[in-house]
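Undergrad: Sequence first, then the predicted structure:
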Amino acid sequence: MEIKEYINANKERFLNELFSLLRIPSVSPVKEHHTDMLKCAQRWTELLLLSGADKSDIMPTAGNPIVYAEKTLDAALPTVLVYAHYDVMPAEPLEQWNTKPFEPEIKEGRIWGRGSDDDKGQSMMQVKGFEIALKEGLLHCNVKFIFEGEEEIGSPNLEQFCKTHKDLLKADIILVSDTTMVGEDTPSLTTGLRGLAYWNVEVTGPNRDLHSGHFGGAVANPINELCKLMAGMVDANGRITIPGFYDDVQELSTEERKMISQIPFDEAKYKAAIGVEELSGEKGYSTLERNSCRPSFDICGIWGGYTGEGSKTILPSKAYAKVSTRLVAHQNPEKISKMFAEHLTSIAPKTIKVKVTPSHGGNGYLCPIDLPAYKIAEKAMGIAFGKKPLAARRGGSIPIVSTFEQVLGAKTILMGFGLEQNAIHSPNESCMLDFFFKGIETVAEFYKNYNGKD
């Protein structure tokens, strides 16, 4: 039986299995759903076994458990590790849903329900694609699955789990379906993700709030000084001014810039959608290059002094800011974090004191487009979608992908099938029915051609 035939013969079962997961409100950010997390993990173990895994276990962590499963054909064969997550975001505000978030249904050619895309729908594509390859004799490798229940709260226990179970998770390549495509008519594979460094900044001037009439003009205002410092972090050409910041940034190749230029992008619609007249950014780069392949610096929040009703004429004692920078592959967030703190304190005038407290961060990721497994994924997606996928970097971050590379020593293929219109994390999350089956076909085609050789 061909891959498409297998899918057509099992469509109803595939959907029923997916719906059994979507009905479980595995909402990790809400403690009251802890029992639902366990229930969802248990259901995944059942489905993985039904799909052909030799074994499937629920493994404890300091938080929600991890589902692990494996299929071993021959220890001498290469191994694929599939990562996904079974937790979902809260469904609120419920009044904005057109369907009940945990009672999935199909209408208008879409699967509606929380998790239909992120990430239960995409996880099921991976599992069913594996099932087809196994049952039809197309599988030429061993397969392992690791499904976590804390992705939506930052995966606090996954890195330690990987370190503790490094031998168990050993693989030659990792597949992740938790990203989006460029568009409905433009299939794509994500080849890069940006990293992140985040800080809390505190600026102190006088030892108490002062009367702005008695002291204004004689004492430095911490808010004024903080604004000056932050404004100087990016120059007129959109370049970040921290010394050494760009030392590890690799320039885009001519080939990759050409591929990015082929991505459909309507700048007028982009500006209209966010309500701005003009765009800004680093000189010499296109908008798509700026928001995915180049670093950025942003003040995420800034405050201080009196912000209540009416007026209060004070010169505040303190000012605060939350600051982040998106990093690109090869930039080390710990190195950048230290660099920023040292630079900011070195340029601060003696009229104030500056305290920089590092927060969370993560490495960026880059998948070489000449990687053999990438080429196989590219071919597989081209067969399923009828068009060669574009290689597209994304501006967001998935820190666990770089962790996989550092801890497990394996590259990840970001084989995502989501779309922006699927409204993940928002009311009325959905997944195109056609994409669900094309995703399954893509995964099966990948296994058909993957054997670990160049």
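TA: Sure, I can see it. Residues are numbered from 1 along each chain as shown.

Undergrad: count of residues packed around the nearest residue to Leu408 once chain neighbours are set aside?
TA: Leaving aside its sequence neighbours, Leu408 sits nearest to Leu169 (C-beta to C-beta, 6 or more residues apart in numbering; 5.8 Å). Quick note: C-beta positions are derived from backbone N, CA and C, even for glycine. Under the neighbour criterion other C-beta atoms under 10 Å, Leu169 is assigned a count of 22.

Undergrad: Report the helix or strand with the lowest average pLDDT across this protein.
TA: helix 254-261 (a mean of 88; mean pLDDT, DSSP states H and E).

Undergrad: what's the residue nearest to Leu408 in contact with, if anything?
TA: Neighbouring residues of Leu169 by C-beta atoms under 8 Å, 6 or more residues apart in numbering: Leu81, Lys144, Ile146, Cys162, Leu408.

Undergrad: mind listing the strands for the stretch 1-150 of the chain?
TA: 55-59, 66-71, 79-85, 105-107, 110-112, 142-148 (DSSP state E, counting those that start in this stretch).

Undergrad: who's in contact with the last one?
TA: Same thing as strand 142-148. Contacts for strand 142-148 (C-beta under 8 Å, 6+ apart): 41, 44, 48, 53, 56, 64, 66-75, 77-87, 123, 126-127, 130, 155, 158, 161, 168-169, 171, 447.

Undergrad: the domain parsing of the protein - what is it?
TA: 3-193+364-449, 196-249+295-359 (automatic domain parsing).

Undergrad: what's the burial count for the residue nearest to Phe446 when sequence neighbours are not counted?
TA: Spatial nearest neighbour of Phe446, excluding adjacent residues (C-beta to C-beta, 6+ apart): Ala380 at 4.2 Å. Neighbourhood size, Ala380 [other C-beta under 10 Å]: 25.

Undergrad: Could you pull up the residues touching Ala380?
TA: Here Ala380 is in contact with Thr442, Val443, Ala444, Glu445, Phe446, Lys448, Asn449 (C-beta under 8 Å, 6+ apart).

Undergrad: Narrow the contacts of strand 142-148 to those that are buried.
TA: 41, 44, 48, 53, 56, 64, 66-71, 77-87, 123, 126-127, 130, 155, 158, 161, 169, 171, 447 (16 or more other C-beta atoms under 10 Å).

Undergrad: Pick out the residue closest to the middle of this structure.
TA: Nearest to the mean C-alpha position of the chain, by C-alpha atoms, centre = their mean, lies Ile398 at 3.5 Å.

Undergrad: Quick check: closest non-adjacent residue to that one.
TA: Going by C-beta to C-beta, 6+ apart, Ile398 has Leu193 as its nearest residue, at 5.5 Å.

Undergrad: Can you tell me who the one you found pairs with across the strands?
TA: Per DSSP bridges, the residues bridged to Leu193 are Tyr365, Arg394.

Undergrad: my guess is it meets Arg393, correct?
TA: Yes - using C-beta atoms under 8 Å, Leu193 is in contact with Arg393, at 7.4 Å.

Undergrad: possible to save the strands of the stretch 1-150 of the chain as CSV with distance to Phe265 and mean pLDDT?
TA: Listed next are those as CSV, based on distance: least, C-beta to C-beta, whole Å; pLDDT from 0 to 100:
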stretch, distance to Phe265, mean pLDDT
strand 55-59, 42, 98
strand 66-71, 38, 98
strand 79-85, 29, 98
strand 105-107, 31, 98
strand 110-112, 25, 98
strand 142-148, 33, 98
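
Undergrad: what would those look like in TSV with distance to Met230?
TA: Shown next, in TSV, are those (distance: least, C-beta to C-beta, whole Å):
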stretch	distance to Met230
strand 55-59	44
strand 66-71	40
strand 79-85	35
strand 105-107	48
strand 110-112	43
strand 142-148	36
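
Undergrad: Go through the ones you listed and name the closest to Asn224.
TA: strand 79-85 (44.4 Å; C-beta to C-beta).

Undergrad: Provide the strand pairings for the closest one, with the direction of each partner.
TA: Strand 79-85 is paired, per DSSP bridges, with strand 142-148 (parallel), strand 173-176 (parallel).

Undergrad: now those strands in TSV, with mean neighbour count?
TA: Shown next, in TSV, are these (neighbours: other C-beta atoms under 10 Å):
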stretch	mean neighbour count
strand 142-148	24
strand 173-176	24
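
Undergrad: got JSON lines for the ones you listed, with distance to Ser188 too?
TA: Output for the strands paired with strand 79-85, formatted as JSON lines (distance: least, C-beta to C-beta, whole Å):
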{"stretch": "strand 142-148", "distance to Ser188": "24"}
{"stretch": "strand 173-176", "distance to Ser188": "14"}
